[in-house]
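>>> I need the structure of the sequence given here:
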Amino acid sequence: MKPYYALPLGLVAAVALPTLAMAKPVTVTAQFADYGGYNAYAAVYITDAQGKVVQTLHVAGSKARYYRELAGWARSARGPIDGLTGASIGSGGTLKVTAEVADAMLDAGYKVQIDTASEGGYAFTADAAAPLAAGSVGKPAPGQGYVKSLTVSY
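Numbering: from 1, shown residues only. Below you'll find the predicted structure:
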């Protein structure tokens with residue numbers, strides 16, 4: 001008599017796999033400072049504890065040739081952009097991005113970062129950063145360049 005392990009294992013896999021792939025909508029809001037000059041390009045992305053880009057949420061700016069100025073993101077991001085792209089951000093503007101982020105990244109040492117650059121202006125690697133942690137939800141993190149503040153909520 002052969003044991004029938006396939007059915008119970010298949011049932012366990014069917015129940016467990018959707019749990020592994022669970023994601024939560026995360027909203028990132030970047031309030032830009034008042035500055036002169038051209039609109040800013042920005043890359044909003046998630047890094048792991050070692051600073052490696054694991055997910056691109058949004059790239060603002062229509063001319064891909066300027067993406068290399070977003071150095072922290074451009075050095076580590078590989079392959080096609082897996083986030084949305086949109087227009088560059090003007091002085092005093094707001095960039096609001098909502099994306100699905102795996103539950104496994106929450107409260108696990110990951111953080112949201114934003115790099116900014118302006119055509120003919122300055123470039124700021126990790127202009128602002130905020131942990132993907134319950135303790136920092138809704139608390140603005142200060143920027144050091146074009147970004148005035150960065151807020152994460154979920």
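
>>> Look up which residues are beta-bridged to the residue nearest to the spatial centre of the chain.
Closest to where the C-alpha atoms of the chain average out (CA atoms, centre = their mean) is residue 45, at 2.6 Å. In this entry, residue 45 is beta-bridged to residue 56, residue 113, by DSSP bridges.

>>> From residue 72, how far out is it?
Shown here: residue 45 relative to residue 72, a distance of 8 Å by CB to CB, to the nearest Å. Every residue, glycine included, has its C-beta placed from N, CA and C.

>>> list residues touching both of these two?
113, 115 (CB atoms under 8 Å, 6 or more residues apart in numbering).

>>> In contact with residue 116: list those residues for me.
40, 41, 42, 70, 123, 124, 127, 143, 145, 146, 147.

>>> Output stretch 108-116 in CSV with nothing but the alpha carbons.
What follows is stretch 108-116, C-alpha atoms only, in CSV (Å, rounded to 0.1, in the frame of the first residue of the first chain):
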residue,chain,number,x,y,z
ALA,A,108,12.8,44.1,8.5
GLY,A,109,15.6,46.7,8.0
TYR,A,110,14.5,48.0,4.6
LYS,A,111,14.1,51.7,3.8
VAL,A,112,12.7,54.1,1.2
GLN,A,113,15.2,56.5,-0.3
ILE,A,114,14.9,59.2,-2.9
ASP,A,115,17.7,60.5,-5.0
THR,A,116,17.3,63.9,-6.8
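
>>> Tell me how far that stretch lies from the chain's centre.
6 Å (CA atoms, centre = their mean, to the nearest Å).
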